[in-house]
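# From the sequence below, what's the structure:
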Amino acid sequence: MKVQKLIGSICTAATVLLLLPAANAEITIDTVIVGNPGNAADPLNSGAIPGIGSVGYTYDIGKYEVTNSQYTAFLNSVAKTDTYNLYNSSLSSLGITQGGSGGSYTYSVTSGLENRPVVYVTWFDAARFTNWLSNGQKTGAQDNTTTEAGAYTLNGAMSGIITKNALAQWYIPSGNEWYKAAYYNGSTGTYSLFPNGRNTITTADANYNYSVGKSTNVGTYASAPSSYGTLDQGGNAWEWNDDVFNGAFRGVRGGSWYYGDSNLLESSYQTSVDPAFKNLNVGFRVATSEVEVVPEPSSFILMGVGLGGIGLMRKFRRRR
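Numbers count the residues shown, from 1 in each chain. Predicted coordinates for the structure are as follows:
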């Protein structure tokens with residue numbers, strides 16, 4: 001299988017294709033490139049972090065929030081026992097159900113909810129998901145070859161602050177990375193107030209303020225991307241980032257479908273919660289860098305989410 005290096009700042013606007021959920025199925029994360037390294041920080045930001053938005057390197061970030069389908073594949077790979085409570089029973093009404101008993105748990109995704117953002121995930125759940133990606137989506141117990149080492153050395157941790165390891169492959173984006181992908185325009189060198197590339201937003205652009213009354217499929221608001229091409233960085237689900245506040249809390253950004261006017265989607269709005277917090281509003285997306293493109297095996301079963309056209313399926317791995 002030919003492997004090609006991704007060259008330049010190619011950024012797809014293509015339809016995301018997701019694997020149908022199946023036990024131990026390998027998943028693909030669709031990402032966009034965030035270039036313009038060394039960009040200036042946002043001079044108008046009034047949030048808790050001064051000078052936010054400057055990133056000195058090119059990286060990739062998930063075009064979409066991690067979905068129920070993708071998280072279900074993760075659970076089926078590593079959570080037959082579910083040592084670290086990666087599954088929350090509240091997910092049973094939101095898209096993921098658990099069957100069997102401890103030691104032989106299986107997970108399935110509810111038809112029609114495959115492409116909703118996964119929620120009820122802690123920062124630690126998200127970190128274990130990125131470790132699993134970094135370890136090649138290996139199937140097995142939750143240990144240092146699957147979920148406990150990689151981007152983050154967790155060793156069973158379910159509380160406290162764990163910092164990202166050097167040379168991490170897949171990881172939770174930093175506050176600067178998340179912010180830049182959402183609000184910066186590399187062509188003009190300016191920041192927008194909202195993650196749709198503009199200084200105004202409506203419920204036609206994002207799922208917020210209970211306008212729909214539930215989460216929507218990732219990419220539903222395809223006509224309102226950020227300048228780099230990410231979707232749903234405003235609304236749908238709050239998203240974890242790697243910033244640390246007061247030595248004990250992790251950053252979340254972007255607002256959600258459930259509550260809040262558009263001010264919660266603004267670049268100036270930053271909040272933080274305990275990294276062990278989980279509820280129906282909080283999900284995540286992942287980041288990576290120095291990537292290669294690997295065509296998907298033809299045996300994989302793919303499903304489009306109806307965003308208008310068929311795009312390339314890409315698997316991103318960090319080049320060492």
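# my read: residue 33 touches residue 63, true?
No. At 10.2 Å, residue 33 does not count as touching residue 63 under the criterion of Cβ atoms under 8 Å. Using the backbone N, CA and C atoms, a C-beta is placed for each residue, glycine as well.
# Same drill for the two, tell me which one is more crowded.
More crowded of residue 33 and residue 63, by other Cβ atoms under 10 Å: residue 63, with 27 against 21.
# so where's the stretch 1-150 of the chain uncertain?
1-25, 46-50 (pLDDT under 70).
# can you map out the helices along it?
Using DSSP state H, counting those that start in this stretch, the helices of the stretch 1-150 of the chain run over 68-78, 123-134.
# okay if I get those as TSV plus distance to residue 157?
Formatted as TSV, the helices of the stretch 1-150 of the chain follow (distance: least, Cβ to Cβ, whole Å):
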stretch	distance to residue 157
helix 68-78	16
helix 123-134	7
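# Go through those and name the closest to residue 85.
helix 123-134 (8.1 Å; Cβ to Cβ).
# Could you check the pLDDT of the residue nearest to residue 172 when sequence neighbours are not counted?
Closest residue in space to residue 172, ignoring its immediate chain neighbours: residue 242 at 4.9 Å, by Cβ to Cβ, 6 or more residues apart in numbering. In this model, residue 242 is scored at 97, pLDDT.
# I'd say residue 242 and residue 162 touch.
No. The criterion here is Cβ under 8 Å, and residue 242 misses it with residue 162 at 9.7 Å.
# Compare neighbour counts for the two and give me the winner.
Ranked by neighbour count (other Cβ under 10 Å), residue 242 and residue 162 place residue 242 first, with 24 against 19.
# Helix, strand, or coil at that one?
Assigned with DSSP: H, G, I helix; E, B strand; the rest coil, residue 242 falls in the strand class.
# Tell me how far it lies from residue 179.
Distance, residue 242 to residue 179, using Cβ to Cβ, to the nearest Å: 12 Å.
# Over to residue 288?
Distance of residue 288 to residue 179, computed by Cβ to Cβ: 17 Å.
# In JSON lines: the helices of the stretch 1-150 of the chain, plus distance to residue 104 and mean neighbour count.
Output for the helices of the stretch 1-150 of the chain, formatted as JSON lines (distance: least, Cβ to Cβ, whole Å; neighbours: other Cβ atoms under 10 Å):
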{"stretch": "helix 68-78", "distance to residue 104": "11", "mean neighbour count": "25"}
{"stretch": "helix 123-134", "distance to residue 104": "19", "mean neighbour count": "26"}
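# And residue 217, how close does it get to residue 189?
Counting by Cβ to Cβ, the gap from residue 217 to residue 189 is 33 Å.
# Quick one: classify the residue most central in space within the chain as helix, strand or coil.
Central residue of the chain (Cα atoms, centre = their mean): residue 285, 0.7 Å from the mean position. Under three-state DSSP, residue 285 falls in the coil class.
# from what I can see it touches residue 64, true?
Yes. The pair residue 285 / residue 64 is scored as a contact, 6.8 Å apart, by Cβ under 8 Å.
# wait, residue 196 sits on residue 203?
No. Contact criterion Cβ under 8 Å: residue 196 and residue 203 do not qualify, at 11.7 Å.
# before we move on, the earlier item: just want to know which of residue 217 and residue 189 has more residues nearby.
More crowded of residue 217 and residue 189, by other Cβ under 10 Å: residue 217, with 23 against 10.
# hang on, the more buried one packs against residue 69?
No. The pair residue 217 / residue 69 is not scored as a contact, 10.5 Å apart, by Cβ under 8 Å.
# Contact partners for residue 218?
By Cβ atoms under 8 Å, 6 or more residues apart in numbering, the contact set of residue 218 is 16, 64-65, 67, 115-117, 231-232, 236, 305.
# give me every residue that touches the closest residue to residue 174 other than its chain neighbours.
Closest residue to residue 174 apart from its sequence neighbours, by Cβ to Cβ, 6+ apart: residue 242 at 4.7 Å. Going by Cβ under 8 Å, 6+ apart, residue 242 touches 164, 171-175, 250-251.
# Any of these buried? List them.
164, 171-175, 250-251 (16 or more other Cβ atoms under 10 Å).
# Counting only strands, which of these make the cut?
Among the buried ones among the contacts of residue 242, DSSP state E puts 250-251 in strands.
# With that, I have no additional questions.
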